[in-house]
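[1] Take a look and give me a structure for this.
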Amino acid sequence: MHVGMSVIFQNMLRKIGDDEVYRNDLRLAEQVETLGFDSIWSVEHHFTGYTMVPDVVQFLSYMAGRTKHVRLGTMVVVLPWHDPIRVAEQITMLDHLSGGRAVLGLGRGLGRIEFEGFRVEMSESRGRFVEYAQLVIEALDKGYSEFDGKFIQQPRRDIRPAPFKSFRGRTYAAAVSPESSRVMAELGLGLLIVPQKPWSEVARELETYTAIFEQVNAQPPPAPIHVGWTFCDEDEGRAREMAHRYIGGYYQTVIDHYEMTRGHFEKTKGYEYYHKVTEKLVDYGSDKLKDFFVDLQVYGTPRQCLDRIMSIRERVGADSYVAVFSYADMPHEEAQRNMRLFAEKVMPALKQETPLRKAAGWE
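    Have a look, this model is predicted:
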């Protein structure tokens, strides 16, 4: 298996300064090669401490200069907030800077505060995502961009520096709703699985996604990438306690950043699925949903962490696991210990696993 790590630079509670959060998470990121991870990832968010990476490509360009071998993944670039031809330029530049190590992850966004901040109508996000993704994918394939759509009209322009190898097989998208999974399959994108729903439901939707992907693209999709909030400890009881404190604390930041209790998803076209999540928050309460989210993630002793990852792999066919080790208000020393224990006692066993599918172009 391919094993990566992601840093998210979270500081919702402001217990320390943003500068200290950056220093701490950069310390984690800069150990990625020495500890043996295969890739480094980060996410794009704006305007709050939920994730303080307003430019994920800039961060990965920094990491390209600090590393020699690891893959560099966007998890994700939120297309509706960008000019898509600029995204194509940024990604191909990152690929040149890193010698072909870029892995492109795309998404359509969920945060109302972010759409409003960029003056983009949230109800248009699905339509914009589809057009922008088509433009980016075609530009990286052809070396030029030309598009005439509802949301963007792009006169033909070359991408320079020109892409020097295909991004097919190393372009993914985050999809939570069933409707988004269908869109990703039609676009020929692999899936980033960020656990938020029962694994049985994920597996069913993957079957539909796979069938559509094969019908449209005449080949099977790349194996999905499994992303997990991770807490590893030698003591089972402590691992459980800390997972509920910190992974549960992370889910509270999800509720807060996305305003999950405000009811606005019901009135926003394209976000009907998330209204169901809001209803569950009302019906079950945030504590029960936090516990549910925690149990979807990877925590426990090294043996338990390994077993959880392998169990999920059997359900969804993931050949890659990307771990998040620092989140909520977790002290840096705890995140450091968490990451190092995982690297020492879990990762070697994962790397011995034979891939379930033919390796994608980036592996």
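[2] Tally up the residues packed near Ile255, please.
    Applying other Cβ atoms under 10 Å, we find 17 other residues in the vicinity of Ile255. In this view, the C-beta of every residue, glycine as well, is placed from N, C-alpha and C.
[3] for the one 10 residues further on, same thing?
    The burial count assigned to Phe265 is 22, neighbours taken as other Cβ under 10 Å.
[4] Am I right that it sits in a helix?
    Yes. Judged by DSSP: H, G, I helix; E, B strand; the rest coil, Phe265 forms part of a helix.
[5] Show me the strands in the stretch 151-300 of the chain, by range?
    Counting by DSSP state E, counting those that start in this stretch, residue ranges of the strands within the stretch 151-300 of the chain are 153-158, 171-174, 190-193, 225-232, 298-300.
[6] In JSON lines: those, plus distance to Gly99 and mean neighbour count.
    Listed next are these as JSON lines, based on distance: least, Cβ to Cβ, whole Å; neighbours: other Cβ atoms under 10 Å:
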{"stretch": "strand 153-158", "distance to Gly99": "22", "mean neighbour count": "11"}
{"stretch": "strand 171-174", "distance to Gly99": "18", "mean neighbour count": "26"}
{"stretch": "strand 190-193", "distance to Gly99": "22", "mean neighbour count": "26"}
{"stretch": "strand 225-232", "distance to Gly99": "21", "mean neighbour count": "26"}
{"stretch": "strand 298-300", "distance to Gly99": "31", "mean neighbour count": "24"}
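[7] Quick one: these as JSON lines, columns for distance to Tyr250 and mean pLDDT too.
    Shown next, in JSON lines, are these (distance: least, Cβ to Cβ, whole Å; pLDDT from 0 to 100):
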{"stretch": "strand 153-158", "distance to Tyr250": "38", "mean pLDDT": "98"}
{"stretch": "strand 171-174", "distance to Tyr250": "16", "mean pLDDT": "93"}
{"stretch": "strand 190-193", "distance to Tyr250": "17", "mean pLDDT": "94"}
{"stretch": "strand 225-232", "distance to Tyr250": "6", "mean pLDDT": "98"}
{"stretch": "strand 298-300", "distance to Tyr250": "12", "mean pLDDT": "98"}
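[8] Quick one: closest of those strands to Arg112.
    strand 171-174 (17.5 Å; Cβ to Cβ).
[9] name the helices or strands packed onto the closest one?
    Taking 3 or more Cβ pairs under 8 Å, 6 or more residues apart in numbering; DSSP states H and E as contact, the helices and strands that strand 171-174 lies on are strand 102-107, helix 125-142, helix 178-187, strand 190-193.
[10] Worst mean pLDDT among those?
    When the helices and strands packed on strand 171-174 are compared on mean pLDDT, helix 178-187 scores lowest, with a mean of 83.
[11] okay, Thr261: pLDDT?
    At Thr261, the pLDDT recorded in the model is 86.
[12] Report how many residues lie close to it.
    Every residue meeting other Cβ under 10 Å relative to Thr261 is counted, giving 12.
[13] OK, contacts around the closest residue to it other than its chain neighbours?
    What sits nearest to Thr261 in space, not counting adjacent residues and going by Cβ to Cβ, 6 or more residues apart in numbering, is Leu281, at 5.8 Å. For Leu281, the set of contacting residues under the criterion of Cβ atoms under 8 Å, 6 or more residues apart in numbering consists of Ile255, Met260, Thr261, Leu289.
[14] Just the pLDDT for Leu281.
    At Leu281 the predicted local distance difference test score is 80.
[15] Also the one 5 residues further on?
    At Ser286 the predicted local distance difference test score is 82.
[16] The one 4 residues further on now?
    At Lys290, the model reports a pLDDT of 94.
[17] Verify the stated contact: it with Tyr250.
    No. Taking Cβ atoms under 8 Å as the contact criterion, Lys290 and Tyr250 are not neighbours in contact, 9.0 Å apart.
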